[in-house]
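1. sequence and computational prediction follow.
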Amino acid sequence: MRQILNVALALAVALAAASCSGDQQEQQDTAPAQPQRKALYTGTYSNDSTFIVISKKDLLLTVYAPVAGDTVPVANFKVCLAKNKGQKKGDGDMTTPESEPGKPFKITQIQDASTWCHDFGDGRGSILAYGNWFLRLETPFKGIGIHGSTNNRESVPGRASEGCIRLLDEDIITLKEKYARLDMPVIIKQEDQGLFPYEIAK
């Protein structure tokens, strides 16, 4: 009798496992495919019409260029954004501002920040903090820009700034020397905003 019960129990467990496995397979088969980003473009393009898109969702800064009727990514860099999520409402609220649809921010100054210091209030005092360059953005709020991560390298990628966009120190040099220019449009997406149509691989 005990043998019969053990066999029945083993059979029930096996059927349940098979059923679960089937459910998982069905869920995988019916899950919608996630859109994939375009691969980086390595051909020639005009730097006069490039622009930047910063994704809060992906912690990523991408430089885009129009090429032959398409919009293609030419470079991307991991970023650190503000500690708090959401749209910026005032100075000191530790959020990164989001641009309105059709109204990108712009780079208004490209400043040598290699000697700039900041006190983060964490006991380290006033320390070098901005890398070689500060790309100041025209936003409704003061002091917002794209810069390096001197003494805060481990924060990239992540959420730790006071509102600015941090890159690795070597990446802010590359961004400034190869891509950035005055009046360059900079789109900062809303939290959890997905890919724009021109960002999706076809």
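-> Nice, I can see it.

2. low-confidence stretches in this structure?
-> The model of the chain has pLDDT under 70 over residues 1-32.

3. show me where it has helices.
-> 2-30, 169-174 (DSSP state H).

4. separation between the closest residue to residue 49 other than its chain neighbours and residue 60?
-> Sequence neighbours aside, residue 66 is the residue nearest to residue 49 in space, at 5.2 Å (criterion: C-beta to C-beta, 6 or more residues apart in numbering). C-beta coordinates here come from the backbone N, C-alpha and C atoms, glycine included. Per C-beta to C-beta, to the nearest Å, residue 66 is found 20 Å from residue 60.

5. check contacts around the closest residue to residue 164 other than its chain neighbours.
-> Spatially, and ignoring its direct neighbours in sequence, residue 164 is nearest to residue 145 (5.5 Å; C-beta to C-beta, 6+ apart). The contact partners of residue 145, taken as C-beta atoms under 8 Å, 6 or more residues apart in numbering, are 134, 135, 136, 137, 164, 165.

6. and with 7 Å instead?
-> Listed by C-beta atoms under 7 Å, 6 or more residues apart in numbering, the contact partners of residue 145 are 134, 135, 136, 137, 164.

7. can you redo the residues you listed as CSV with distance to residue 156?
-> Listed next are those as CSV, based on distance: C-beta to C-beta, whole Å:
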residue, distance to residue 156
134, 16
135, 16
136, 19
137, 18
164, 12
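
8. show the buried residues in the residues you listed.
-> Burial by neighbour count, judged by 16 or more other C-beta atoms under 10 Å, picks out 134, 135, 136, 137, 164 from the contacts of residue 145.

9. what's the closest of the residues you listed to residue 81?
-> The shortest approach to residue 81 among the buried ones among the contacts of residue 145 belongs to residue 164, at 8.4 Å (C-beta to C-beta).

10. which residues are in contact with residue 156?
-> Residue 156 neighbours (C-beta under 7 Å, 6+ apart): 78, 79, 80, 149, 166, 167, 168.

11. okay, now the closest residue to it other than its chain neighbours: neighbour count?
-> Once flanking residues are discounted, residue 156 sits nearest to residue 80: 4.5 Å by C-beta to C-beta, 6+ apart. Neighbouring residues of residue 80 were enumerated by other C-beta atoms under 10 Å; the total is 23.

12. same check, this time on residue 100
-> Residues contacting residue 100 under the criterion other C-beta under 10 Å number 12.

13. contacting residues for it?
-> Taking C-beta under 7 Å, 6+ apart, one finds nothing in contact with residue 100.

14. what's the separation between the residue nearest to residue 156 and residue 73?
-> 20 Å.

15. for residue 54, same thing?
-> The value you get for residue 54 to residue 73, if C-beta to C-beta is used, is 13 Å.
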